[in-house]
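Undergrad: okay, sequence plus prediction incoming.
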Amino acid sequence: MTTAPGGDRSGRDDRSGTEGPPRFREPERTGGYYHLLKAVVYRDLLIWIRYPLNAALGIFMGVFFFALMFYGGTLVAGQAFSDSIEGLIVGYFLWTLSIGAYSGIMNDIQSEASWGTLERHFMTPFGFGPVVFAKSIAIVFRTFMTSSVVLMVMLLITGTTLDLNLVTVLPVATLTIAGALGLGLVMGGLSVLYKRISNVANLLQFAFIGLISAPVFDIPWARFLPLAQGSAMLQRAMRDGVHLWEFEPLTIAVLVGTSVGYLGLGYAIFGLTTRRARRLGVLGDY
Amino acid sequence: MAKGPSNSGETPDDGSALGASDRSPSLDPNEAAIYVDGLAKTFGSGESAVTAVKDVSLTVAPGEVVGLLGPNGAGKTTTIKSILGLILPDAGTVRVHGIDVHANPRAAYEYVDAMLEGARNDYWRLTVRENLRYFAAIRGQDPDAVSERHDELLEHLDLAEKADTAVRDLSRGMKQKVSLASVLAGDISVAFLDEPTLGLDIESSLKLRTELRRLAEERGLTLVISSHDMDVIEDVCDRVVIMNDGRVVVDDTVEDLLAGFETKGYRISVRGVTDEVLADLQERFDLTDVQRTDDRLRFEVAADTETFYRLTDTMEANNLDVASVETVQPDLAEAFVEMTNGTRETSRVNEDGASTAQKAPTGLSPAGDGGDQR
């Protein structure tokens, strides 16, 4: 794909009549959205790898907290706890995915602001939106990698087997964490505007536990909360082996609708906050 | 090369710009690489409102190198960020190559990028080449297709040997150059550079200045350089825009700006001076920086050739022993300080051609050529 991102430069005012050669060299555009996405994903992975201690600790802590829960729960509740271990693993897996996506995009925006690179992402011919979208994809991709490692270790520790039908698990999990990404964009946008919001941002991570375990079958409106519908579907897919095409169309529609809705809402608020930051002149400040 | 509005000279008492911000920019919006008309920005409201930029207008021709100067708080950064669309102005039009930056930013960003944060403008954990490839890609380049151009860029900026070194392992000056390289990696035609030589040693600074001139002359790159290093501005820029208190107070070529300060000055040291002679000299000539020790007198005087000869005749008539005479000439730093202080009165030709002889410049600096020794 080699589409010039700025299109036909139709924004130029034609009042002067642009006859004859321009008095400057037109920049060559050899890349397109594919190169943008590839570069953003690659950069995200490089930065992650080049903070090796942080990367390793992230995975270790994910496993450590699960092991603590598992051995602690088994000690206290015995067989009753073991009977619900599959649900716990799926819930924990989704929680690590959600936290990864949520804090990933939020931290990325904060880091870019503190590194002085956020404004450079604003000044691209692709526009800020596609760049942020590419960043979101990169973060989801990386989060899947790390959470998959945690999932595998959890399965090994507990000796549990789950149905890991990728055709079902991947789209359901991706759509589910799209809602978390939306919330991350909201907090990222607020951090651009207000700079230090870590207290509120960290509290929201615990709210994810409640959203993931929301009883959507008992309280129907709960399925419209972020993460809730996807969490219930992922439980059925991974525990009971339900395939994507076996879900009711309405169930899938609610998942798609809530995911796209929260992601869209998050992006819209991010757009408003960055516009407000430009109005106040604090876009690149940290 | 088109000049912008020419306004060297006085700063009115009310702080309003003389010329530039009072008139429309001199180039057609579609001819100019950068066209700014009536830019204004106030932060906050009510009593806490701070007006950062007031009715700023300027144009920059393609391939022109313009220095943007001003004391801290003059409004330079707000102006630059408003031109780039990073700050939403309250009023004014901004175009880059004829494209309205605020109405159609994506199309405008095809042409323009900026180094705003000095060395903190790229990723320190990535290598130099990885940075170039990344920033080229997010500006619509296939990094593989432009790798040769990147090699050339690294070569010109003396970064070739460090291409695969992480930026964080480089010196401050090298980081600064990487930052500049990452801006140029995206094949742009207009670049804003904030303090591009900050942290560079003299040799690196000189090479960078040469490179910036080469980019402007060979590639037609339009540059707006904000710097406190007057040598850089004097060496690299075709034109200087000086801002003070949110306004453009000077917009002129470096040459013409310095010409406005060309009245020669002299630093003279004499022996054998008495109270009466000193009083006579002070009455007849505008002596400044007068230092007297016993019969030895040292002073500066701004004088044209005729006045200078009258002065030497007077000193001879009073039997003064002239120990030394040095010529002192202004540089851009002096011009900048006087313009932004708003205290300078100088001899300049009005737009109607009438000459207004006023006070000569003060605070002149040595010419550095050793001066005339007698």
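TA: Received it, and whenever you're ready, just let me know what you need. This one's a predicted model, so the numbers in the text were calculated from it and none came from an experiment.

Undergrad: what about residue 148, how many neighbours?
TA: Assuming you mean chain A. With neighbours defined by other CB atoms under 10 Å in any protein chain shown, the count for residue A:148 comes to 14. (Each C-beta comes from the backbone N, C-alpha and C, glycine too.)

Undergrad: nope, chain B
TA: Burial of residue B:148, expressed as a neighbour count using other CB under 10 Å, amounts to 9.

Undergrad: did I read that right, it in a strand?
TA: No. Counting by DSSP: H, G, I helix; E, B strand; the rest coil, residue B:148 is not found in a strand; it is helix.

Undergrad: only alpha carbons, please: show the helix or strand where residue B:210 lies as PDB.
TA: Applying DSSP states H and E as the criterion places residue B:210 in helix B:202-219. Taking C-alpha atoms only, helix B:202-219 is exported to PDB below (Å, rounded to 0.1, in the frame of the first residue of the first chain):
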ATOM      1  CA  ILE B 202      32.100  24.900  18.400                       C
ATOM      2  CA  GLU B 203      33.200  22.600  15.600                       C
ATOM      3  CA  SER B 204      29.900  20.700  15.600                       C
ATOM      4  CA  SER B 205      28.000  23.900  15.700                       C
ATOM      5  CA  LEU B 206      29.900  25.300  12.700                       C
ATOM      6  CA  LYS B 207      29.400  22.100  10.700                       C
ATOM      7  CA  LEU B 208      25.700  22.100  11.500                       C
ATOM      8  CA  ARG B 209      25.300  25.700  10.400                       C
ATOM      9  CA  THR B 210      27.000  24.700   7.100                       C
ATOM     10  CA  GLU B 211      24.600  21.800   6.700                       C
ATOM     11  CA  LEU B 212      21.600  23.900   7.400                       C
ATOM     12  CA  ARG B 213      22.700  26.400   4.700                       C
ATOM     13  CA  ARG B 214      23.300  23.500   2.300                       C
ATOM     14  CA  LEU B 215      19.800  22.100   3.000                       C
ATOM     15  CA  ALA B 216      18.300  25.500   2.300                       C
ATOM     16  CA  GLU B 217      20.300  26.200  -0.800                       C
ATOM     17  CA  GLU B 218      20.400  22.700  -2.400                       C
ATOM     18  CA  ARG B 219      17.100  21.300  -1.300                       C
END
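
Undergrad: pLDDT averaged over that helix - what is it?
TA: Looking at helix B:202-219 alone, the average pLDDT works out to 87.

Undergrad: quick one: strands adjacent to the helix or strand following it?
TA: Later in the chain than helix B:202-219, the nearest helix or strand by DSSP H and E is strand B:222-226. With DSSP bridges as the test, strand B:222-226 is paired with strand B:65-69 (parallel), strand B:190-194 (parallel).

Undergrad: other residues contacting the last one?
TA: Looking back up the chat, that one is strand B:190-194. With contacts defined as CB atoms under 8 Å, 6 or more residues apart in numbering or on different chains, strand B:190-194 is touched by B:33-34, B:77, B:80, B:83-84, B:96-97, B:111-118, B:180, B:183-184, B:212, B:221-227.

Undergrad: likewise stretch B:294-307?
TA: Residues from elsewhere that reach stretch B:294-307 (CB under 8 Å, 6+ apart): B:263-274, B:278, B:281, B:285-292, B:311, B:320, B:323, B:328, B:360-362, B:364.

Undergrad: ok, stretch A:135-142 next?
TA: Contacting residues not belonging to stretch A:135-142 are listed as A:37, A:40-41, A:43-45, A:48, A:100-101, A:104-105, A:108, A:174, A:177, A:181, A:185 [CB under 8 Å, 6+ apart].

Undergrad: just the ones of these in helices?
TA: The helices in this structure, assigned by DSSP state H, contain A:37, A:40-41, A:43-45, A:48, A:100-101, A:104-105, A:108, A:174, A:177, A:181, A:185 from the contacts of stretch A:135-142.

Undergrad: beta partners of the residue nearest the centre of chain B?
TA: With distances taken as CA atoms, centre = their mean, the residue of chain B nearest its centroid is residue B:67 (4.0 Å). The residues listed as beta-bridge partners of residue B:67 by DSSP bridges are residue B:225, residue B:240.
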